[in-house]
Every structure is written in C-alpha cells, then in structure tokens.
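> following is a predicted model, sequence given first.
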Amino acid sequence: MSGAPLVELSGVGVRIGSSQILRDIDLQIDAGEIVGLFGANGAGKTTALRLIATLIRPAQGRGMVLGADLTSPDRYEIRRRIGMIGHVPGIYPEMTLGENLRYSARLAGVATTKIPEVLAAVGLAGAIDRTAGASSHGMQRRAEFARELMIDRSLLLLDEPHSALDRDAVDLVEGLIERKADEGGAVIIVSHDRDRINAIASRSVELTGGTLT
Amino acid sequence: MSQWAWVAFAYTIAYGSLVVFAVSIAVRIRTTRRSIGDTE
Amino acid sequence: MTTGFWHQVAAVIERDLLRERRRGDVLWITIPFGAIALLLIPLAVGTDAALLRQIGPGMYWVIVMLFGVLVAVGKASSETLPQQDASSLAGLDPAAGFVGRSVSSGVLLLIFELVVGLVAVGLYNISVIGIPWLVLTLVLAAAGLALLGTLTGAIVNSTSAGTTLVPLLVAPLSVPLLLGATQAYDGLRFGHSILSWVLVMATVVLIVAMIGVLTARPLQET
Amino acid sequence: MQSQTRIRRWPWIAIGLSLAVAFTLSMVSPADSVQGDLVRIMYVHVPSAWLAYLAFFVTFIGSVAYLITRSLRWDRIAAASAEIGVYFTGLAIALGMTWAKPTWGVWWTWDARLTLTAIMFFVYLGYLALRRTTDDQVLRAGRASVLGVLGAIQIPLVHFSVIWWRTLHQPPSLVRPDGPAIQDPMMLAALIGGVVAFTIVYVSLMVKRIELIHLEDRKVDMESAVERPVAGEAVTAPELGASS
C-alpha cells in the first residue's frame, strides 16, 4: 500500500458489444485523493467506474487496481476492498434493509453485529426491518452507504452520490468521503454538480467522447 | 414409390442441400468482403 | 475450499429462499401452472382411467422437466446488474454463487415436485411405491435440473436473449434425468433394479456441478 | 491475418471432386440382396451421421481449447464446426427418415441412435442460438465454449441412457468385432468412399466457414471503429431556440 498508486490505467479501452465505449484512458489515483469525474450523458462515466471496480474487462491497454491486474484472477481477491454505489441501488427489494446488509456482511466475512451500528451512523437506526423495496430512494442510498461503512473499503466509487439525498444525508456522505481519504483510501465521484464536487475533490477529470481530458 | 424414386429423393436432399449450404457460405463471404471494402 | 466459501454459499441460499418466500413466485405461479397442465392432459387425450394411470408418471416427469426450469429462471432467482455488482464487490466467489443458487433452486424444485406429484397421484390414480428410492430420484432430478438451470442461466446472463433461451438449452440436456426418473419408476413398479438409472442421474448431477464450479469465473466476465 | 483471408478456391474444387467420386461409387455399386436399391441411401446417410459426430467433437475440442488458451481462433473453429454439424445432423435425420419410410413403413422409430441424433440436433441448435445473442466476440466465445463443453460431455450420458431405454436399431453396419458386415467389395467401397468424401467436404466447408467468421468479426470491428460515434458524441449540447 505504501506509495503505490491505488488505480493505474494506461491506454485502457473498453468495448461493450460492438461499440467502443472508452478509449485510451490514462489515469493514476494515489492514496488520499478525492477525484471528481465529469462528463455528458452517455460519455462512459458509469462504464469507467465499473472498469475500475474490476467488473468489466478492458479490451485494450493495461490497468492495475489496488495492485491487481484487471485481466488477472487477482482481481477477485481485491474486489472486497472496492465499494461502489451506482445510480440504481444494488439491493434486493424483497428483503429488509437489515437483511440486505446481513447478506453483504456474510459475503464479505464481516461480523453481522456491526449492522445496527452502521445503520445508526447513516440515520437509519429505526429502519432495520423495513422492506427495501418499500423504502424511498434516499433511504436505499443511505443503506448502501451503511454497507460501504460496514465493509472496510480502500477505494470508493460513487455515481451521483448526491441525487435523492436530503441535506443531512449530503453532509453525512461528504463526511464519509473525506474520512475515507484521510484514512489513506481514495474516492472517485461521478457527478454533474461541479461546484459541490470541486469543494471537496482534490482534482477532477473530464470524460469526453470516451477519452479523459 | 419405387425404390429408385426413394433413392433419387434422398440424393436430391443430400446433394441439393450440400450445394445450397456451400453456395450460401460463398455468397456470405462475398457480400461480407464487399461490405468491408475488401476487393482482393 | 475455505470456510469462507461455504459461508458465502449459505448467504446466497438464505438470500434466494428469503426472496422467494416474500415473492411467492414458485408457490403461487409455477406450482399452479404445473398442476393445471396435469389437469389439461386428460382433457386432450381422454379420461380413460386405465390410460391415465399408465401415462400419469411419464406426464408428471415431462411437466417437472419443462416447468421446473422456470424455477431456475424465475424473477426471485434472477438479479439486476447493480445487484450482481454489489455481490461481486462484497467478495462473492462466483463458484460459491453458483453452488448457492443451485442449492436454493434445488430446494424450490423439490417442493415443486412434491406438490405437483401429489396432484398427479390424485388425478391419475398413480400408485406410490418404493418410497426411499422414489425420494432419491426426486432429489436427484431436482438437483440435476437446478444445476442445469443455474449453469445455463449463467451462460445466457448479459446476452440479449436473457432467460428465454434457458428452456431451449436445458430441455435436450435434461434427457438423462427424464429417462432416469421415468425408468426408475417403471423399475420400481416391475421390481427391477433401478441402480443403473440412479447412477445415470447422479452422474449428471456430478458432471454439471463440476462444470459449473470450474467455469463460474469465466462465465461472470462481461 | 492476410493469409487467412486470402481468397482460396481449393475448398470448392475439393467439394466438387469428392462429391462426384462419392456419387459415382454409390451409383455403380450393386443393389443389396435384401434392401435392393434402397441400400444406396446408406451411402449418404452413414457419412452424414459420422460427420455430425465428428463436427460436434471438433466443437468440443475447440471449446476446451478456447477456455484454456482464450484465443478466439479456437472459438471460431468451434463455431464453424457446430454450424456444419447442425447441418449434417439435420441431413442425417432427414435421410434416415427417407430410408425408414420405404424400409420399415414409418418415418420415425424410437430407436436409440435416431433419438440421440435428434437430441444432439437441438443441443447444438441451442448453441447456435446462443451465439446469435451478442456481438461481443470475447463474451460470446466464453459463453459458447462453456455450452460446447456441457453439450459434448452430456452426449455420452444421453447416449447410454437412450440405449438402455430402447435398443431396436440394427447393429452398427461397418465396425463390428467379426469384421465388416458388408461383404461385397463394391458396396464397401461406396460406403467408405462416401465417408472419406464427406469428410473432405467437411474440412473444406470448415475452411470457408472460418474465413467467413473472420470477415464478419472484422466487419463488426470496422463498424465499431469507424461508423458508429463513440459514446458521448451521440449527445450534443442542446441548441436553444431551435424548437421555439
């Protein structure tokens, strides 16, 4: 972990089906950085996050994330240290918020006793038995932040973290982001709200036409 | 049908479809070549 | 395999069964669908009691094979991309995901087999014989079908066909299970040894389980 | 790449020549004492069935090799062979039915080998259907190769279970412990000639079919590189005032 960049992409391209979504991406992110990622609708921001999360294979170039090559089986070993909150919640609507967290905790090998604590930390102490599908979008978001608090992550990838969140939650999220950076992790935030991101990010990059500028 | 009629029927199926199959591959090769501008 | 592997398997089983319990797809849709199919057959082929008694076991197994696949591709066992991503990033080993899903589908299939089986026994006046062996064939058929459904579900995952392709892929591959199950019942009825049929079914289960575990990672790549 | 896409005519010539030889052999060979002239259907039916098995075996090899090496070359071999295999399986079934009708009086009998062939046909039809569902070469190769392995490994199981289930078919006509059942040298020549000729046809078709897959993949590559806009360029700044 000492000194080595958390994310290192050189000349990376991504194809989905027969279309080239990203091309020639060069990006280096060091520990402690908060990076804003901007771009028009359809510029490939979500694909870029999934690439860095090791969930999508690069078609060209070379990429290292948390010391693992994006094309080697090592990437399965480091996935547990990458947190991602996409714009569609990755939780099961049939299960309660508590059950969703319990599921993630058991997969990650984290003690389930942490669940009430992290739910309280995101202001959902009373919602542990609430069905996820019947909860508002903002509550589902908060539950996802609780999941990222519960599993100790080195890299946090956030897709539009401010959408659907109220004033309190935004403060909560920004506090979490800054704490993650202070602890030696890194955070990448995709957003359209440049002012807000520039206030907390150490730098920002822009995706245009599938390339970083 | 006489035995030879059955044989003729079977051979038409076998050889006829083989020719159709081969020609379809040839035609697809040709059209794909054209569409990617390979005029070799 | 580490203890972490089996913890993950348990977590996936719990998730699938919880989702199914809340949704009730198998209980309220697939099982009634199978039962009504058993009701339709006599309307089409005639209601001669002797005939129905003769074709009943076969019809029952055909319906289990054709409709059972729906359990493995149902809403409760399918996931959206963000859900899959979240599981992957929680560290879910794809092989553990495969095993967990297969077990939960297998449990649901067994329930499907039992309920639809009772309907078949009632409607067609089928005699229930050799219960320990019968239970074994039911379990093996459920396991084999669940594994086939889960594996082909993983194969078509993130292609444009989605789950519509799964029944076409599973149906021809389930032939050894169908023959094993039906011939085992005949064997029991006529007092023959059914060991060879049980072995055929067990071999299917083992082979598909092995392929599923070994190819779980390549199949997750998108 | 260049040598693989060069226009090659020898496969067409080989197909024409070998079919001509096979046809001549099967016409000049004598009629069977029991089956009469109907025996001539065997000279196309047996080679088709043989090729169906060979083709699916090649698909299996290509699939396994792809999973180990991750080289798309193997996937193309598997795909080409599966398509040709489905064709020959269909042909073998059609010819078998054409033979069965005048011989046994029915189009279809539920004997083991016929049933197995029909099941194989659907397994690989599913394989081809799966390949149609995505343009992504790597994704397609991965999914298809797992199915290629699964299908092939299941075939012996289907085979044994179907044989135990029912055995009515005449025993294999060529390979038998006590020597070939067909005694007449001309009939044997027609049968073996048919098998050899059809095998040459298979190899020739494979060469052309793989060439076609190459071209199709190149076409997809070129379209994604040139014609389609890169993601993001499809969205432009709204032009205010244009609509009002």
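Yep, that arrived. Since we're looking at a predicted model, the values are computed, not measured. Numbers count the residues shown, from 1 in each chain, chains lettered A, B, ... in the order given.

> output the below-cut-off pLDDT ranges for chain A.
Chain A contains residues with pLDDT under 70 at A:1-3.

> strands of that one, start to end?
For chain A, strands defined by DSSP state E occupy the ranges A:7-16, A:19-29, A:34-39, A:60-65, A:68-69, A:82-85, A:155-159, A:186-190, A:203-208, A:211-212.

> packing partners for the last one?
It stands for strand A:211-212. Applying 3 or more C-beta pairs under 8 Å, 6 or more residues apart in numbering or on different chains; DSSP states H and E, one finds that strand A:211-212 makes contact with strand A:19-29. From N, CA and C alone the C-beta is placed, and that goes for glycine too.

> interface residues of chain C facing chain A?
C:4, C:7-8, C:10-11, C:14-15, C:18-19, C:22-23, C:76, C:80-94, C:217, C:221-222 (C-beta under 8 Å from any C-beta of the partner chain).

> can you flag which of those belong to helices?
Applying DSSP state H to those, the entries found in helices are C:4, C:7-8, C:10-11, C:14-15, C:18-19, C:22-23, C:81-89, C:94, C:217.

> coming back round to it: just the buried subset of the residues of chain C next to chain A, please.
Among these, those classed as buried by 16 or more other C-beta atoms under 10 Å in any protein chain shown are C:8, C:11, C:14-15, C:18-19, C:22-23, C:76, C:82-94, C:222.

> for chain D, what's the longest helix?
Criterion DSSP H: the longest helix present in chain D is helix D:185-222.

> now the helices for chain C?
Going by DSSP H, chain C shows helices at C:3-23, C:25, C:31-45, C:49-73, C:81-89, C:94-124, C:131-156, C:166-173, C:175-190, C:195-214, C:216-220.

> for burial, what's the neighbour tally of the residue of chain B found nearest chain A?
Nearest residue of chain B to chain A: B:Ile36, at 13.5 Å (C-beta to the nearest C-beta). Close neighbours of B:Ile36, defined as other C-beta atoms under 10 Å in any protein chain shown, add up to 17.

> which ones are touching it?
Applying C-beta atoms under 8 Å, 6 or more residues apart in numbering or on different chains, we find B:Ile36 in contact with D:215, D:218-219, D:222.

> list the residues that contact C:Gly106.
C:142-143, C:145-147.

> count the neighbours of B:Trp4 for me.
For B:Trp4, the neighbour count with other C-beta under 10 Å is 13.

> can you check the one 5 residues further on too?
Neighbourhood size, B:Phe9 [other C-beta under 10 Å]: 16.

> for it, which non-adjacent residue is closest in space?
Sequence neighbours aside, D:Thr98 is the residue nearest to B:Phe9 in space, at 6.0 Å (criterion: C-beta to C-beta, 6 or more residues apart in numbering or on different chains).

> these two touch, right, that neighbour and B:Ala10?
Yes - the pair D:Thr98 / B:Ala10 is scored as a contact, 4.6 Å apart, by C-beta atoms under 8 Å.

> okay, and the common contacts of the two?
Both D:Thr98 and B:Ala10 are contacted by D:Ile41, under the criterion C-beta under 8 Å, 6+ apart.

> let's see the longest helix along chain A as CSV, backbone CA atoms only.
Criterion DSSP H: the longest helix present in chain A is helix A:167-182. In CSV, the C-alpha atoms belonging to helix A:167-182 read as follows (Å, rounded to 0.1, in the frame of the first residue of the first chain):
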residue,chain,number,x,y,z
ARG,A,167,-29.5,18.0,3.3
ASP,A,168,-28.5,15.8,6.3
ALA,A,169,-27.5,12.9,4.1
VAL,A,170,-25.4,15.0,1.9
ASP,A,171,-23.4,16.2,4.9
LEU,A,172,-23.1,12.7,6.1
VAL,A,173,-21.8,11.5,2.7
GLU,A,174,-19.3,14.2,2.4
GLY,A,175,-18.0,13.5,5.9
LEU,A,176,-17.7,9.8,4.9
ILE,A,177,-15.8,10.7,1.7
GLU,A,178,-13.3,13.0,3.5
ARG,A,179,-12.7,10.4,6.2
LYS,A,180,-12.0,7.7,3.6
ALA,A,181,-9.4,10.0,2.0
ASP,A,182,-7.8,10.8,5.4
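
> next, the angle strand A:34-39 makes with it.
Interaxial angle of helix A:167-182 relative to strand A:34-39 (axes from the mean of the first three to the mean of the last three C-alpha atoms, to 10 degrees): 120 degrees.

> mind pulling up the pLDDT for the spatially most central residue of chain D?
The centroid of chain D falls nearest to D:Gly85 when counting by C-alpha atoms, centre = their mean (1.0 Å). Predicted confidence (pLDDT) for D:Gly85: 95.

> what does chain A have sitting close to chain C?
Contact residues (C-beta under 8 Å from any C-beta) of chain A with chain C: A:50, A:53, A:55-57, A:73, A:76, A:79-80, A:82-84, A:86, A:88-92, A:94-95, A:99, A:103-104, A:106-109, A:131, A:144, A:147, A:151.
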